[in-house]
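Novice: Pasted the sequence and its predicted model underneath.
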Amino acid sequence: PYDVLVVGGGPAGAAAAIYAARKGIRTGVVAERFGGQVSDTMAIENFISVKATDGPKLVAGLEQHVLDYDVDLMKTQKAVRLEKKDLVEVELENGAILKSKSVILATGARWREMNVPGEQEYRNKGVAYCPHCDGPLFKGKKTAVIGGGNSGIEAAIDLAGIVEHVTVLEFSDTLRADDVLVKKAQSLPNVTIIKNAMTTEVLGDGQRVIGLKYTDRLTDESHLVDVAGIFVQIGLVPNSEFLRDTLELTNRGEVVVDAHGRTSMEGVFAAGDVTTAPYKQIIISMGSGANAALGAFDYLIRN
Ligand code: FAD
């Protein structure tokens, strides 16, 4: 059996594997898609000490660093079940069962998409999902935020300080964000909030986003908004479906962890975007992966 089996190969999983392997214990990594969300990222300008890089470069660096150590890296393998027996068992989609004294879950999350024409075509060309990451790319330009929940209104307030103007489009007739955020957004001169707005299309010139189309759900009229950037903020979904009924999750599906990265199952730790960690970023995921690996090591030496 492994001492530490990491499920997930994004920044959290890679950091956890390196920290575990450096303790000289038997370490494995199972990853459906090594690199995780970083593989889908173009410009990365907030990975501290590296002024600018891109996703593929960072992923290559993660893999090289992991393979510098004696780590069993099992790529393109998906975990479908977790169970605690004497050891912790992880079943893969291909039927194999891996056994380990401890497990670190680092399966990340995915942004919910609008599923409208143009969204995929202009992803990273104006369609963005992370205001902390991509906000500065739209400095002085017009942008839209899709979604009027907490993350959408937070994004609008954040972007208002950087971009020329922000239009928030909310599908329903009410904003679901906290009152204090809504009041703050409404007080900003360069934020416009439109409710009952169903986004129907992302418009581009072949190279970049130039606007979007939405339908007013009350009048059924179609409208155009000129924007260079569209931030989709309609939910971040944790990749935790296979853990339902096994571990304590929040109602949004996030794995509940404590300060040591411990989950509700003995010997099972979690790190990164799949957890209750409030902010989802590369550097934060790496820190939490390291933290969970140290938590797992501490568990192993006591058991
Ligand atoms: P992920 O990166 O989501 O990795 C999860 C890993 O688990 C993957 O390897 C996945 O294949 C694997 N996995 C999932 N389910 C299973 C399963 N059942 N079995 C086996 N493996 C599984 N952050 C920044 O700090 N700066 C940026 O500039 C930035 N830009 C971004 C741009 C985009 C387009 C996106 C989508 C995100 C961006 N982020 C950025 C956020 C950042 O990428 C994430 O916070 C970070 O990747 C989370 O790391 P993670 O390891 O927790 O999860």
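Specialist: Received, thanks.
Novice: Okay, and the beta partners of Thr275?
Specialist: Counting by DSSP bridges, Thr275 forms beta bridges with Val255.
Novice: Let me see the contact set for it.
Specialist: Neighbouring residues of Thr275 by Cβ atoms under 8 Å, 6 or more residues apart in numbering: Pro238, Glu254, Val255, Val256, Val257, Gly261, Ser288. For glycine as for every other residue, the C-beta is placed from the backbone atoms N, C-alpha and C.
Novice: Give me the buried entries from those residues.
Specialist: Listed as buried from those are Pro238, Glu254, Val255, Val257, Gly261, Ser288; burial here means 16 or more other Cβ atoms under 10 Å.
Novice: ok, so of the residues you listed, who is nearest Ile162?
Specialist: Ser288 (27.1 Å; Cβ to Cβ).
Novice: Please, which helix or strand holds that closest one?
Specialist: Here Ser288, judged by DSSP states H and E, is contained in helix 282-302.
Novice: Any idea how far that helix is from the middle of the chain?
Specialist: Distance of helix 282-302 from its chain centroid, counting by Cα atoms, centre = their mean, to the nearest Å, is 19 Å.
Novice: Quick one: mean pLDDT for it?
Specialist: What helix 282-302 shows for mean pLDDT is 98.
Novice: what's next to that helix, contact-wise?
Specialist: When contacts are defined by Cβ under 8 Å, 6+ apart, helix 282-302 is touched by residues 3-4, 10-20, 23, 25, 38, 44, 46-48, 58, 101-102, 104, 106, 108, 257, 260-262, 267, 269-273, 275, 277.
Novice: Stretch 159-174 too?
Specialist: Under the criterion Cβ under 8 Å, 6+ apart, residues 131, 135-136, 138-148, 152-153, 156, 185, 188, 190-199, 212, 214, 217, 225, 227, 229, 231 lie in contact with stretch 159-174.
Novice: Identify the residues contacting the most centrally placed residue in the chain.
Specialist: Nearest to the mean C-alpha position of the chain, by Cα atoms, centre = their mean, lies Ala109 at 4.4 Å. Counting by Cβ under 8 Å, 6+ apart, Ala109 makes contact with Gln37, Leu236, Val237, Pro238, Asn239, Asp273, Val274, Lys280.
Novice: you'd agree the third one is up against Arg110?
Specialist: If I follow you right, that is Val237. Yes - in this structure, Val237 is within contact of Arg110 by Cβ atoms under 8 Å, at 5.4 Å.
Novice: So which bits of the protein are right by the ligand?
Specialist: Where the chain comes near the ligand, counting by Cβ under 6 Å from any ligand atom, the residues are 7-13, 30-34, 36-38, 40-41, 44, 46, 78-79, 106-109, 111, 129-130, 133, 239, 242, 272-273, 280-283, 285.
Novice: Now, of the contacts of stretch 159-174, which are buried?
Specialist: Buried subset of the contacts of stretch 159-174 (neighbour count, 16+ other Cβ under 10 Å): 131, 135, 138, 141-148, 152-153, 156, 185, 191-193, 195-199, 212, 214, 225, 227, 229, 231.
Novice: low-confidence ranges in the protein?
Specialist: Counting by pLDDT under 70, the chain shows no low-confidence range.
Novice: Helices of the stretch 101-250 of the chain, start to end?
Specialist: Secondary structure of the stretch 101-250 of the chain (DSSP state H, counting those that start in this stretch): helices at 131-134, 150-160, 179-186.
Novice: Looking at those, which is nearest to Glu119?
Specialist: Per Cβ to Cβ, nearest to Glu119 of those: helix 131-134, 14.9 Å.
Novice: Only the buried residues of that closest one, if you could.
Specialist: Pro131, Cys133, Asp134.
Novice: likewise stretch 34-42?
Specialist: Buried residues in stretch 34-42 (16+ other Cβ under 10 Å): Phe34, Gly35, Gly36, Gln37, Val38, Asp40, Thr41.
Novice: of all these, which comes closest to the ligand?
Specialist: Gly36 (2.2 Å; Cβ to the nearest ligand atom).
Novice: nearest spatial neighbour of that closest one, skipping sequence neighbours?
Specialist: Spatial nearest neighbour of Gly36, chain neighbours left out: Gly10 (2.6 Å); criterion: Cβ to Cβ, 6 or more residues apart in numbering.
Novice: Wait, that neighbour touches Val38, no?
Specialist: Yes - look at Gly10 against Val38 with Cβ under 8 Å: they come within range, at 6.3 Å.
Novice: about what we covered before: could you redo the buried residues of helix 131-134 as a markdown table and give each row distance to Arg302?
Specialist: As requested, those are exported to a markdown table (distance: Cβ to Cβ, whole Å):
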| residue | distance to Arg302 |
| --- | --- |
| Pro131 | 41 |
| Cys133 | 38 |
| Asp134 | 43 |
